[in-house]
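Engineer: Test case, fold it:
(one chain, ligands or ions: 1)
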Amino acid sequence: MLDQPIALSSSTRSVARRPVDGVLGAIGDTPLVHLRRYPDRRDVAFFAKLEATNPGGSAKDRPAARMLDDAWARGLVGPGSTVVESSSGNMGVGLAQACRCRDLAFVCVVDSRANVANVRTMEALGADVRIVTRPDPETGDLLTARRALVAEIVAATPGAFRPDQYANPENAGAHEHGTMREIVEALDGRLDVLLVATSTTGTLRGCVDALRAHGLHDTTVVAVDAVGSALFGGERGRRMLPGFGAGMRTELSESADFDRLERVADLDCVVGCRRLALREGLLAGASGGAVAAAFDRIAPGLEPGSRCAAILHDGGTRYLETVYDDAWVARELDCPPARLAALVDGTPGSGR
Ligand SMILES: Cc1ncc(COP(=O)(O)O)c(C=O)c1O
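Structural biologist: Okay, the predicted model is just below:
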């Protein structure tokens, strides 16, 4: 079953989608792709949810739109409001998009790790982007520094609204009722392993809630966090790639429920990304490389016939100057091109 030939392009037989209402109507219903060439083992199935196909380019479009809808419905935000949020980049793009659609002002606080492309995209969508370059003097962390600046801006701005993605249950709700529901439906409720990269843990929380709601109590949930992230008792350390991991424990993470934790270092993210690109022709963002690397670690222990799914939160074009740049990898991660190539290849003795 798992060894069928590679499917040809579906472009000639797909059913045209109906028009949607505005750009926010195009969020969700992202493709779930069977990655037949990625796994070393041919007797397990590996599926990837391509969140880069959302209009803002990431999974964060979903919670951005949902948090604003909820706040609007509850009268917390309305004409004349200014939305203020901290983001590693993707939530900022999602909120910039959703704020434009409601004619709201938006101030986004990012830090120096944010991708240039994300900052430019937010600005093109009319956002006022503030970039924090110095860690919080007390915690030594950029995320807490970002959140402190958000609090200052909110206090100084009449009509300010802070969605607070780190604690807002609608963040998780977007993935419960969107991302994970779509995966369960696409796989007819047959899923053995789910891999999810973590930061606010909204995706993880929402996915676990959806699995429960659909009665999938036996699916093993693997949380994929960064080496250097302070989530789940981790020790805060140097991390160069934006998106996943967090420099503090988020409110949503306090009650996060999962079966297994895999911590992935920056270099392993790069290796996972490069393997996805070379084997599948799929350009994933850094956290997509992390879940691919975590899949490689757990794959040897899987039962034959296992069905695994991973969420690829964003795409690789925003990481061309980092993950996909040999000179950056050599300089920042101390891995010269020849060693990187051996790691990607999985050559024995290469450390993989
Ligand atoms: C690229 C990427 N991957 C993973 C995550 C983690 O998602 P969550 O915040 O829902 O835990 C994020 C969140 O910003 C992200 O931008």
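Engineer: can you tell me if stretch 230-238 touches the ligand.
Structural biologist: No. On the criterion C-beta under 6 Å from any ligand atom, stretch 230-238 is out of touch with the ligand, staying 8.8 Å away. From N, CA and C alone the C-beta is placed, and that goes for glycine too.
Engineer: chain center to that stretch: distance?
Structural biologist: Taking C-alpha atoms, centre = their mean, to the nearest Å, one finds stretch 230-238 lying 18 Å from the centre of the chain it belongs to.
Engineer: Strands of the stretch 151-300 of the chain, residue ranges please.
Structural biologist: Here the stretch 151-300 of the chain has its strands, by DSSP state E, counting those that start in this stretch, at 160-161, 193-197, 220-226, 260-264.
Engineer: quick one: which of the ones you listed is nearest the ligand?
Structural biologist: Proximity to the ligand, assessed across those by C-beta to the nearest ligand atom, is greatest for strand 193-197 (4.0 Å).
Engineer: ok, back up a step: which one of the strands of the stretch 151-300 of the chain lies closest to Gly22?
Structural biologist: Comparing the strands of the stretch 151-300 of the chain against Gly22 with C-beta to C-beta, the closest turns out to be strand 160-161 (20.8 Å).
Engineer: which of the strands of the stretch 151-300 of the chain is buried the deepest?
Structural biologist: Compared across those, strand 193-197 shows the largest average neighbour count, a mean of 28 (mean count of other C-beta atoms under 10 Å).
Engineer: what about dumping the CA coordinates of that strand to PDB?
Structural biologist: Provided in PDB are the C-alpha atoms of strand 193-197 (Å, rounded to 0.1, in the frame of the first residue of the first chain):
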ATOM      1  CA  VAL A 193       1.700   9.600  15.400                       C
ATOM      2  CA  LEU A 194       1.400  13.400  15.200                       C
ATOM      3  CA  LEU A 195       4.500  15.700  15.300                       C
ATOM      4  CA  VAL A 196       4.000  19.400  16.200                       C
ATOM      5  CA  ALA A 197       6.600  22.100  16.600                       C
END
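Engineer: which SS class is Ala48?
Structural biologist: Three-state assignment for Ala48 (DSSP: H, G, I helix; E, B strand; the rest coil): strand.
Engineer: That one and Ile311: what is the separation?
Structural biologist: According to C-beta to C-beta, to the nearest Å, Ala48 and Ile311 sit 8 Å apart.
Engineer: go on, His34?
Structural biologist: Per C-beta to C-beta, His34 is found 15 Å from Ile311.
Engineer: Which one's more surrounded, those two?
Structural biologist: Neighbours per residue (other C-beta atoms under 10 Å) separate His34 from Ile311, with Ile311 holding more: 27 against 16.
Engineer: The spatially closest residue to the more buried one that is not a sequence neighbour - how many residues pack around it?
Structural biologist: In space, Ile311 comes closest to Lys49 once its chain neighbours are excluded; the distance is 4.7 Å by C-beta to C-beta, 6 or more residues apart in numbering. Number of residues near Lys49 (other C-beta under 10 Å) recorded here: 24.
Engineer: And Lys49, how close does it get to Glu170?
Structural biologist: Lys49 is 20 Å from Glu170, where distance means C-beta to C-beta.
Engineer: Who are the contact partners of the closest residue to the ligand within the stretch 1-150 of the chain?
Structural biologist: At 3.7 Å from the ligand, Asn90 is the closest residue in the stretch 1-150 of the chain, using C-beta to the nearest ligand atom. When contacts are counted by C-beta atoms under 8 Å, 6 or more residues apart in numbering, Asn90 touches 56-60, 118, 243, 313-314.
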